[in-house]
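S.K.: Fold the stuff below for me.
(one chain, ligands or ions: 1)
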Amino acid sequence: MNDTVIEVEPAIAAELLGPQIDQLRQYTANLCKYGEELGLIGPLELPRIWTRHILNCAIVAPLLRPGLVGDIGSGAGLPGLVLAVARPDVDFVLIEPMERRVKWLNDQRIDLGLKNVTVLRERAEDVRLETPLDQVTARAVSSLQKLIPLTAPLLRPGGQLVLMKGASVQNEIDAAQKQLRKFRVSDPEVMVLGTGVLEEETRVFRATVGESQ
Ligand SMILES: C[S@@+](CC[C@H](N)C(=O)[O-])C[C@H]1O[C@@H](n2cnc3c(N)ncnc32)[C@H](O)[C@@H]1O
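M.R.: Numbering: from 1, shown residues only. Take a look at the predicted model:
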């Protein structure tokens, strides 16, 4: 599969953050102040939180559709909280099993005044949602081979996986062929976002789940 390179103009990147930029600055400041102490972010990441973490997550925002998005393994809130700030028109449920991280996510939800966020303390495989998700996001949780069985069952038929991945995404796709078939994952594509705009491009594995193929 060839990568789809989507170039994002600087003006679009600015528009992406738009009026929400102050909320994202506040979240970044909170993360810089408390993130290391709470074990949310490594000390080496502190100087590059904005460029490597916040912007890389924010650039995924245009891939979301109005509806219900589940962010699996939100940890510090990446990408869940960043996307919830960037897309106030979308509802988010952040699914994270670790108590300390759940407290952080709830504290940030309140501090940032986010009305479109619910936090669930659950493992993805144990969660029972009243409403199936329209889209699922995740970053740095596990390989596609493990992540697809955790995330695909949470989606409605025709729902979408929007999974942030590293440069070895193609190897992960090759290794996950069995899971892609089992969970009826169709139209898989790798999108490369932020070329020429971000310090580091963001790769997204996007695919549809559960529609007849
Ligand atoms: C390496 S951290 C990444 C956190 C965040 N997504 C990021 O990019 O910074 C992985 C997170 O996934 C969570 N996690 C691990 N297994 C999980 C599962 N089965 N369901 C939901 N979350 C899980 C962990 O508690 C942890 O917060």
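
S.K.: List the residues that contact residue 209.
M.R.: Residue 209 makes contact with 152, 155, 157, 158, 159, 160, 161, 183, 184, 185, 186 under the criterion Cβ atoms under 8 Å, 6 or more residues apart in numbering. To be clear about C-beta, it is placed using only N, CA and C from the backbone, and glycine gets the same treatment.

S.K.: try 7 Å
M.R.: Shown in contact with residue 209 (Cβ atoms under 7 Å, 6 or more residues apart in numbering): 152, 155, 159, 161, 183, 184, 185.

S.K.: same thing with residue 35?
M.R.: By Cβ under 7 Å, 6+ apart, the residues touching residue 35 are 41, 76.

S.K.: sorry, back to before: can you tell me which of the contacts of residue 209 are buried?
M.R.: Buried subset of the contacts of residue 209 (neighbour count, 16 or more other Cβ atoms under 10 Å): 152, 155, 159, 161, 183, 185.

S.K.: out of the contacts of residue 209, who's nearest the ligand?
M.R.: Comparing those against the ligand with Cβ to the nearest ligand atom picks out residue 152 as the nearest, at 13.3 Å.

S.K.: Dihedrals phi and psi, the closest residue to that closest one other than its chain neighbours?
M.R.: Once flanking residues are discounted, residue 152 sits nearest to residue 183: 3.8 Å by Cβ to Cβ, 6 or more residues apart in numbering. Dihedral angles of residue 183 (phi, psi; degrees, to the nearest 10) stand at phi -100, psi 20.

S.K.: can you pull the pLDDT of residue 183?
M.R.: Note on residue 183: pLDDT of 97.

S.K.: From what I see, it and residue 145 are in contact.
M.R.: No. Look at residue 183 against residue 145 with Cβ atoms under 7 Å: they stay out of range, at 11.3 Å.

S.K.: where do the contact lists of these two overlap?
M.R.: Between them, residue 183 and residue 145 share no contacting residue, judged by Cβ under 7 Å, 6+ apart.

S.K.: Quick check: chain neighbours aside, which residue is closest to residue 20?
M.R.: residue 85 (4.8 Å).

S.K.: Revised request: answer the last question for residue 105.
M.R.: Residue 105 sits nearest to residue 119 (Cβ to Cβ, 6+ apart), 4.6 Å away.

S.K.: distance of that neighbour from the ligand?
M.R.: Residue 119 sits 12 Å away from the ligand, taking Cβ to the nearest ligand atom, to the nearest Å as the criterion.

S.K.: ok, that residue - contacts?
M.R.: With contact taken as Cβ under 7 Å, 6+ apart, residue 119 is in contact with 94, 96, 102, 105, 106, 109.

S.K.: What of residue 141?
M.R.: 72, 73, 147.
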